[in-house]
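> give the three-dimensional model of this entry:
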Amino acid sequence: MLNEALAPGALPPGMRVYAVGDVHGCADRLARLHALIAEDARARPLYGPSPRIALVHLGDYVDRGPDSAGVLELLLGPSPVPGAEVVNLIGNHEVMMLDAADPHAHPGAMEFWLENGGAATLASYGTSAEDPDPWAAVPEEHLAFLRRSPLRWSAGEYLFVHAGVRPDVPLDRQDPFDLVWIREPFLSFDGELAQVVVHGHSPAAAPAIRPHRIGIDTGACFGGDLTCLVLEEHWLGFLTA
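Coordinates of the predicted model:
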């Protein structure tokens with residue numbers, strides 16, 4: 001683990017979480033980060049009656065970067081840490097992609113997705129919006145994977161979502177739209193929440209560590225790092241690729 005520091009929350013003893021920020025089509029970077037995660041897990045084995053490791057991807061697997069198709073193939077493949085629980089959350093870019101693929105979605109869904117990086121995703125499948133049926137090139141397995149991706153996951157004192165939460169709403173009553181789209185008033189909120197929220201969605205040059213949130217979108221598709229937050233008991237650290 002790199003840059004180990006005291007965390008704003010805690011996990012139960014014997015548990016470790018690796019949380020990966022927004023990948024956005026950077027399949028080669030994700031493969032390298034998975035290798036670092038596997039190396040860290042081997043170097044620091046967990047002991048005890050019921051050791052538990054979870055690998056959480058925070059969404060935004062597609063769009064903008066060069067190989068969204070490759071990212072989804074990696075996520076559909078075996079876990080880099082044998083025996084680990086793997087959680088693949090949905091992000092707003094997956095929501096846009098699914099809306100664009102749905103013939104019954106709102107008018108303009110395809111155009112909205114293309115304006116937000118969808119053209120790069122179609123190109124990774126060898127197709128484009130100009131093709132008569134671009135979705136014929138996208139494996140149904142990939143779309144089904146996105147459809148079953150959950151909005152949220154919790155462990156210990158942490159809540160993992162793609163974008164964040166609305167601070168004045170109880171965590172069990174959050175609007176799904178906010179979980180994948182919100183920025184303000186979440187990012188500037190300085191009060192307390194029932195759980196520490198681990199999120200991506202809002203790129204920054206470095207991880208944001210606050211008493212109520214940890215943001216780990218470090219702009220991989222814009223030339224920044226692809227970041228993995230490592231949580232264990234009262235500590236945190238980072239792996240980057």
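
> residues near A208, how many?
If you count neighbours by other Cβ atoms under 10 Å, A208 ends up with 15. Where C-beta positions appear, they are placed from N, C-alpha and C, glycine not excepted.

> same check on A105?
With other Cβ under 10 Å as criterion, A105 counts 15.

> wait, doesn't it sit right on D99?
Yes. A105 is in contact with D99 according to Cβ atoms under 8 Å; the separation is 4.3 Å.

> hang on, P203 is in a helix, isn't it?
No. Going by DSSP: H, G, I helix; E, B strand; the rest coil, the assignment for P203 is coil, not a helix.

> name the nearest residue to the residue nearest the centre of the chain, sequence neighbours excluded.
With distances taken as Cα atoms, centre = their mean, L58 lies nearest the centre of the chain, 1.6 Å away. With Cβ to Cβ, 6 or more residues apart in numbering as the criterion, L58 has its nearest non-adjacent residue at 4.2 Å, and that residue is G200.

> contacts only, for the one you found.
When contacts are counted by Cβ atoms under 8 Å, 6 or more residues apart in numbering, G200 touches G21, D22, L58, G59, D60, G91, H162, A163, G215, I216, D217.

> you'd agree the second one is in a strand?
No. Counting by three-state DSSP, D22 falls outside a strand, being coil.

> let me see the contact set for it.
Applying Cβ under 8 Å, 6+ apart, the residues near D22 are L58, G59, D60, G91, G200, H201, P203, D217, G219, A220, C221.

> in strands only, show me those.
Residues of the contacts of D22 located in strands (DSSP state E): none.

> what comes up buried for the helix of greatest length in the chain?
With secondary structure taken from DSSP state H, the chain has its longest helix at helix 27-43. Residues of helix 27-43 classed as buried by neighbour count (16 or more other Cβ atoms under 10 Å): A27, D28, R29, L30, L33, H34, L36, I37, A38, D40, A41.

> thought the second one was touching D67?
Okay, so that is D28. Yes. Shown here, D28 and D67 form a contact pair, counting by Cβ under 8 Å, at 7.2 Å.

> circling back: what's the closest of the contacts of G200 to S149?
The nearest member of those to S149, counting by Cβ to Cβ, is G59 at 7.3 Å.

> show the pLDDT at that closest one.
In this model, G59 is scored at 98, pLDDT.

> how about the one 10 residues further on?
Turning to A69, the model gives it a pLDDT of 98.

> and it, helix, strand or coil?
helix.

> name the nearest residue to it, ignoring sequence neighbours.
Here the residue nearest A69, using Cβ to Cβ, 6+ apart, is S124, at 4.2 Å.

> so how many other residues sit close to that neighbour?
The burial count for S124: 22, using other Cβ under 10 Å.

> contacts for the longest helix of the chain, please.
With Cβ under 8 Å, 6+ apart, helix 27-43 has contacts from 1, 16, 18, 20, 23, 53, 55, 65-68, 70-71, 73-74, 80-81, 84, 220, 226, 228, 230, 239-241.
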